[in-house]
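Q: coordinates only, no sequence provided:
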């Protein structure tokens, strides 16, 4: 049986879900971001116990089909942007449609109706968050990050970064360096 869990975005979340499933004596096959597959069918009281336990951890067991579809879309995008070493070389629309087995127009309209933002804007937001992480790790330069996230140029990445954050990538990185200097001086 597959269960869909909202706000499950990290390995820490996966660990919490695994612990909760063990506590309820439920045997899982897969615990992945947003999706859990268990061997048993959930009894109504087990479902309610799991729902309550997940809410306490800031997670939400989903029942609504549209909400489940939205989480699947978000999951594909997050995995594509954050956990992949390289972005797909095909259009995002084709990639998402292929991964989920639905027409992209249907996915895009459903996502926009429910979230109030387009899939494209959600992808941009995820990419900018990834750029911030990579800038903070200081392992890659802007050209490498631009290539990794499939931007057409460093200038395009910089424009999008500034539009979303209000800062240039260089200034963002300098803020991090200044904070580190201040932290070192305070010790």
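A: In hand now; what should we look at? All values derive from a computational prediction rather than experimental measurement.

Q: contacting residues around residue 79?
A: For residue 79, the set of contacting residues under the criterion of C-beta atoms under 8 Å, 6 or more residues apart in numbering consists of residue 33. C-beta coordinates here come from the backbone N, C-alpha and C atoms, glycine included.

Q: which SS state does it fall under?
A: Under the three-state scheme (DSSP: H, G, I helix; E, B strand; the rest coil), residue 79 adopts helix.

Q: pLDDT wise, what is it at?
A: Looking at residue 79, its pLDDT stands at 87.

Q: and if you look at residue 177?
A: Looking at residue 177, its pLDDT stands at 68.

Q: now do residue 96
A: As predicted, residue 96 sits at a pLDDT of 94.

Q: got it, and residue 130?
A: Residue 130 is assigned a pLDDT of 93 by the prediction.

Q: that one reaches residue 83, doesn't it?
A: No - the pair formed by residue 130 and residue 83 falls short of the contact definition of C-beta atoms under 8 Å, at 9.6 Å.

Q: which of these two has more neighbours?
A: Just comparing residue 130 and residue 83: by other C-beta atoms under 10 Å the higher neighbour count belongs to residue 130, 19 against 9.

Q: before I go, just wanted to say thanks for your time.
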